[in-house]
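Novice: generate a structure from the sequence data that follows.
(one chain, ligands or ions: 1)
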Amino acid sequence: MNEWSIDGRNLTWDGGFSEVNAMGSFTSITSALGAGVMLYVSYKLLSTARLYTRSSSLHRYLHTSASGERAWALITGSSNGIGKCLAFELAGHGFNIVVHGRNADKLETVRDEIRAAYPDAEVRIIVADASQCHRREVVDFERIRNQLADLHLTVLINCAGAGPKPAFGALETYASEEILENLHLNAAFPTLLTAALMPVLKGEHNKRDTKDTSRETTTESSGTSRPRHPALIINIGSVTDEGFPLVSFYSAGKAATHALHKALAREAALDGWDGEVEIISHRVGAVTEVSHTQASPTLFRPAARTIAKAILARTGCGRNIVVPYWPHALQQGLLSLVPASILDRVINTAMREERRVQDGEAKKGL
Ligand SMILES: NC(=O)c1ccc[n+]([C@@H]2O[C@H](COP(=O)([O-])OP(=O)(O)OC[C@H]3O[C@@H](n4cnc5c(N)ncnc54)[C@H](OP(=O)(O)O)[C@@H]3O)[C@@H](O)[C@H]2O)c1
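Specialist: Numbering: from 1, shown residues only. This is a model prediction of the structure:
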């Protein structure tokens with residue numbers, strides 16, 4: 001029996017009352033927890049809604065140089081698919097464009113198409129086979145940097161990439177050269193290109209390299225720095241980066257570029273140039289109207305142009321890694337709620353089906 005006093009009167013209660021008290025405390029704690037969860041969920045929903053509705057800050061990168069030169073954007077892998085659409089979108093926003101690919105004829109066609117659509121846009125071409133980026137005689141990054149040194153380059157988009165052929169298969173079924181070339185294309189090339197162009201984007205190149213590159217006609221003879229900042233680096237990655245079966249090394253290459261760009265964003269903050277160069281890596285889901293499929297677009301498999309717009313719309317969103325297209329983000333959000341063991345089965349079932357379709361088509365000779 002317990003006792004307490006109010007206004008001098010002794011009151012007593014039995015153990016049952018303390019149970020009620022405990023129940024009250026329990027209710028208060030669960031209510032507080034519930035309110036906390038509601039607040040957190042509301043915050044997440046609001047910040048997600050804001051992510052997909054806020055206006056892009058792409059215009060920040062459209063500044064002109066001191067001599068009044070228009071900003072340039074380099075988009076790797078812009079002879080086709082998402083990269084080509086990004087090139088058109090950026091030309092539409094007022095950028096001059098550097099298109100890149102491995103096929104000069106295709107790039108000349110794209111250049112002519114951009115000029116026809118946007119007569120004010122200047123277009124340059126860079127040809128380099130990204131899968132051979134370990135061979136200096138094939139891809140010379142210093143030469144690429146010097147080719148761009150006279151431009152007011154403010155945007156670099158690392159978009160060149162592809163899966164192997166055939167697209168779906170167990171790791172050991174591919175020749176080691178195929179695996180290596182794919183890793184070069186998807187991971188080594190964007191790493192080396194970004195390393196080569198970082199001084200240009202930070203506006204340090206001419207100041208630092210005038211002595212080394214004095215014989216290059218494209219390098220400014222004045223030796224003065226031409227600030228390009230703020231500058232923007234965009235990486236086009238894939239949602240397969242979390243480890244998808246039957247596209248294992250493509251998946252690994254894409255994961256590597258996310259880690260690279262995330263690390264660079266932290267490096268920027270660490271060394272104090274985060275206000276000068278924005279770095280954002282995109283996790284892209286299934287897309288159509290690209291080289292491997294021309295299927296009709298759906299909500300969850302949009303056209304390359306839709307994805308290109310979504311990618312540019314997320315500029316300045318404040319995240320280093322983002323799913324640019326909201327229906328893909330919804331898919332990812334729902335999948336993140338599924339327990340890991342079930343998720344593995346879901347992914348395996350989907351990928352098994354992809355391989356079955358691929359093998360069926362190969363048998364039919366399609
Ligand atoms: N489509 C999707 O469902 C999807 C999903 C997630 C992520 N992504 C990523 O999005 C990016 C663009 O893909 P996409 O679907 O638009 O593909 P795409 O239509 O095949 O375009 C790929 C571009 O990269 C270029 N490229 C390929 N191999 C190259 C090499 N060895 N050297 C230089 N350039 C090369 C291609 O040039 P050619 O014209 O010479 O082939 C083309 O310009 C890739 O990084 C891809 O991994 C795509």
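Novice: over to the one residue in the stretch 151-300 of the chain that gets nearest to the ligand: give its phi and psi.
Specialist: The minimum distance from the stretch 151-300 of the chain to the ligand, using C-beta to the nearest ligand atom, falls at residue 161 (2.3 Å). (Each C-beta comes from the backbone N, C-alpha and C, glycine too.) Backbone torsions of residue 161, given as degrees, to the nearest 10, read phi 180, psi 160.
Novice: what's near enough to touch the residue nearest to it when sequence neighbours are not counted?
Specialist: Excluding the flanking residues, the one nearest residue 161 by C-beta to C-beta, 6 or more residues apart in numbering is residue 186, at 4.8 Å. Applying C-beta atoms under 8 Å, 6 or more residues apart in numbering, we find residue 186 in contact with 161-162, 250, 253-254, 256-257.
Novice: can we see that at 7 Å?
Specialist: 161, 250, 253-254, 257 (C-beta atoms under 7 Å, 6 or more residues apart in numbering).
Novice: cool, residue 254 as well?
Specialist: For residue 254, the contacting residues are 186, 237-238, 240-241, by C-beta under 7 Å, 6+ apart.
Novice: what subset of those residues is also close to the ligand?
Specialist: residue 238 (C-beta under 6 Å from any ligand atom).
Novice: returning to that earlier point: please report phi then psi for the residue nearest to residue 161.
Specialist: Dihedral angles for residue 186 - degrees, to the nearest 10 - are phi -90, psi -20.
Novice: which of the contacts of residue 254 fall within strands?
Specialist: Within those, residues falling in strands by DSSP state E are 237-238.
Novice: format the contacts of residue 254 as CSV; extra columns: pLDDT.
Specialist: Output for the contacts of residue 254, formatted as CSV (pLDDT from 0 to 100):
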residue, pLDDT
186, 98
237, 98
238, 98
240, 96
241, 97
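Novice: Serialize the contacts of residue 254 to a markdown table and add fields for distance to residue 174.
Specialist: Shown next, in a markdown table, are those (distance: C-beta to C-beta, whole Å):
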| residue | distance to residue 174 |
| --- | --- |
| 186 | 14 |
| 237 | 21 |
| 238 | 18 |
| 240 | 16 |
| 241 | 19 |
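Novice: show me what from the stretch 151-300 of the chain comes close to the ligand.
Specialist: So the stretch 151-300 of the chain meets the ligand at 159-162, 185, 236, 238, 284, 286-287, 290-291 (C-beta under 6 Å from any ligand atom).
Novice: at 8 Å instead, please
Specialist: Contact residues, the stretch 151-300 of the chain versus the ligand (C-beta under 8 Å from any ligand atom): 158-163, 181, 184-186, 189, 236-240, 250, 254, 284-288, 290-293.
Novice: so among the residues you listed, which ones count as buried?
Specialist: 158-163, 181, 184-186, 189, 236-240, 250, 254, 284-288, 290 (16 or more other C-beta atoms under 10 Å).
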